[in-house]
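> the following block contains a protein sequence and its predicted model.
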Amino acid sequence: MDLTDESGEIRATAFKEQCDKFYDMIEPGKVYFFSRCQLKPANKKFSNLNNDYEMTFTNETQVVPCQSEDGSIPQVKFNFVPLQSLADTPPDTIVDIIGVCKSATDLQNLVARTTNRELKKREVTLVDHSLTAVQVTLWGTQAEEFDASIQPIVAIKGGRVSEYNGSKSVSLVSSSNMQLNPDMDESHKLRGWFDNYCQDNSITFNNISGRQTTDGGSGGKWMLFKEAKDANLGAGDKPDYFSVVATMLHIRSSNCLYKACPTEGCNKKVIDQNTGYYRCEKCNREFDNFKWRFLFSAQIADWTGAQWVNVFHDQAIEMLGITPDEVARKQEMDGNITECFANANFQEFVFRLRAKVETYNDESRMKMSVVTAKKPDIKDHCRRMIASIKEMAGINTDKQSVTH
């Protein structure tokens, strides 16, 4: 639990018998006297409170309700970060955020694999002035009772940043505190901004959770190829992800297809047995058929440089507008498949890329793969350029007005 008084805030933790003893007594928003707790250095991995210490309950800890509240106890303190900054925030970081609920999924019923306990989950999309959208995961009672229809302002203290395939999201944990429509300046400013400018769905939000919102947009930090190279992306233990607007220069059409296992969900390359059967080593089975899948490399470029990237099946279909079966038929007919790729050449796409430095024969080389590729949204592109110009000019983009 997080405690606050007129001097600041501190994290307190109870275990075992102390949990049983005090769980029903202590309620959020109530005032208590705490004594005989153990003080120790704070574990900053699990807390973002402005305190170098935290308390642990002991067998001698006493908690007494304060009956004469005088109103001098301050409210929960938030240290909000813009949603835009979460794109560069390391996983497992604890953050405070505030945003408007743009949309929410229906309540989902899940079963925990380890305990077989039934869980309730809801995913909420929050947006803020930075024109950024992030997905927040609610659990249990908070997920059940959340009403997205009124599009409330959601303030979260102590949410945990998660990362999957380069996309960022925020999850509420047991120590998190969520408030709806809190009475604070940040909340009132967000409500006025959203009600005045965002009700007609003409605003495009940059979704750093990598999931398509009703407003479109794509996730990740935006970089030019030279910036990515100068930042030495992908040199760490984990891959880095970024987005770039680039033009398709060339597609290597030779060996652009491979024969894949026909089993649903298995895309492993099969081995032709030359007997009319094809063997999948992953499934340890032989099949009398296969499915064609795309896999090729392509050269793309922005104004700072060019980069070879690996393109996989789903992204290839998105860019080419044709299926691998169509390419295979064309190849069988006349062997000339160059025209199959002509429509994509010199076209501009918004690429989300995965960058990782790989070492082979003691030689390190940057390897980039396409995660998503979509036609650019001109309005979104213009807004990002305007925001970039304002940032370079030192203009506060959080206070920017949105015009139509």
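Received the coordinates, thanks. Remember, predicted model here, so these are calculated numbers, not experimental data. Numbers count the residues shown, from 1 in each chain.
> going forward, measure contacts between C-alpha atoms and count neighbours the same way
Will do.
> and what about K120, helix, strand or coil?
Reduced to three states with DSSP: H, G, I helix; E, B strand; the rest coil, the structure at K120 is strand.
> and if you look at the one 3 residues further on?
When the structure is split into helix, strand and coil by three-state DSSP, E123 lands in strand.
> end-to-end on stretch 104-123?
End-to-end distance of stretch 104-123 (CA to CA, to the nearest Å): 6 Å.
> got it, and stretch 132-146?
Stretch 132-146: ends 21 Å apart by CA to CA.
> and it, which residues are buried?
Across stretch 132-146, burial judged by 16 or more other CA atoms under 10 Å covers T132, A133, V134, Q135, V136, T137, L138, W139, A143, F146.
> same question for stretch 349-367.
Of all the residues in stretch 349-367, those buried under the rule 16+ other CA under 10 Å are F349, V350, F351, R352, L353, R354, A355, K356, V357, M366, K367.
> tell me which element the fifth one is part of?
Yep, that's L353 we're talking about. Using DSSP states H and E, L353 falls within strand 348-360.
> packing partners of that strand?
Other helices and strands packing on strand 348-360, by 3 or more CA pairs under 8 Å, 6 or more residues apart in numbering; DSSP states H and E, are strand 240-251, strand 363-374.
> what about stretch 13-32, distance to the chain center?
33 Å (CA atoms, centre = their mean, to the nearest Å).
> buried ones in it, by neighbour count?
T13, A14, Q18, V31, Y32.
> for the second one, which residues are in contact?
Yep, that's A14 we're talking about. T56, F57, T58 (CA atoms under 8 Å, 6 or more residues apart in numbering).
> ok, now the first one?
Under the criterion of CA under 8 Å, 6+ apart, the contact partners of T13 comprise M1, M55, T56, F57.
> now a ChimeraX select for only the buried ones of these.
This is how ChimeraX selects the buried members of the contacts of T13, with burial counted by 16+ other CA under 10 Å:
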select :55,56,57
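> just the ones of the contacts of T13 in strands?
M55, T56 (DSSP state E).
> state the distance from T56 to N43.
As judged by CA to CA, T56 and N43 stand 12 Å apart.
> about what we covered before: looking at the contacts of A14, which is nearest D325?
Taking CA to CA as the measure, D325 lies nearest T56 of these, at 63.3 Å.
> got a list of what that closest one touches?
Per CA under 8 Å, 6+ apart, neighbours of T56: A12, T13, A14, C37, Q38, L39, K40.
> what bridges to it?
Bridge pairing for T56 (DSSP bridges) gives the partners T13, Q38.
> tell me who's in contact with the most centrally placed residue in the chain.
The centroid of the chain falls nearest to K168 when counting by CA atoms, centre = their mean (2.1 Å). By CA under 8 Å, 6+ apart, the residues touching K168 are L86, A87, V134, Q135, V161, S162, I208, S209, G210.
> cool, N343 as well?
So, once contact is read as CA under 8 Å, 6+ apart, N343 ends up touching L320.
> wait, a strand at it?
No. Assessed with three-state DSSP, N343 is coil; it does not lie in a strand.
> need the phi and psi values for it.
Dihedral pair for N343: phi -70, psi -30, per degrees, to the nearest 10.
> quick one: buried residues of the longest helix along the chain?
In the chain, assigned by DSSP state H, the helix with the most residues is helix 378-392. Buried residues in helix 378-392, defined by neighbour count with 16+ other CA under 10 Å: D380, R383, A387.
> and the pLDDT for the residue lying closest to V124 once chain neighbours are set aside?
Residue nearest to V124 in three dimensions, not counting chain neighbours: A104, with 4.3 Å by CA to CA, 6 or more residues apart in numbering. A104 is assigned a pLDDT of 88 by the prediction.
> so A104 sits against A148, correct?
Yes. Applying CA atoms under 8 Å, one finds A104 in contact with A148, separated by 6.1 Å.
> before we move on, the earlier item: ok, so of the buried residues of stretch 13-32, who is nearest N267?
Distances from N267 to the buried residues of stretch 13-32, taken by CA to CA, are shortest for T13, at 47.3 Å.
> and the closest one, how far from M25?
To M25, T13 is 15 Å away according to CA to CA.
> what of R383?
Distance of R383 to M25, given as CA to CA: 51 Å.
> ok, back up a step: for the contacts of T56, work out which two are farthest apart.
A14 and K40 (13.5 Å).
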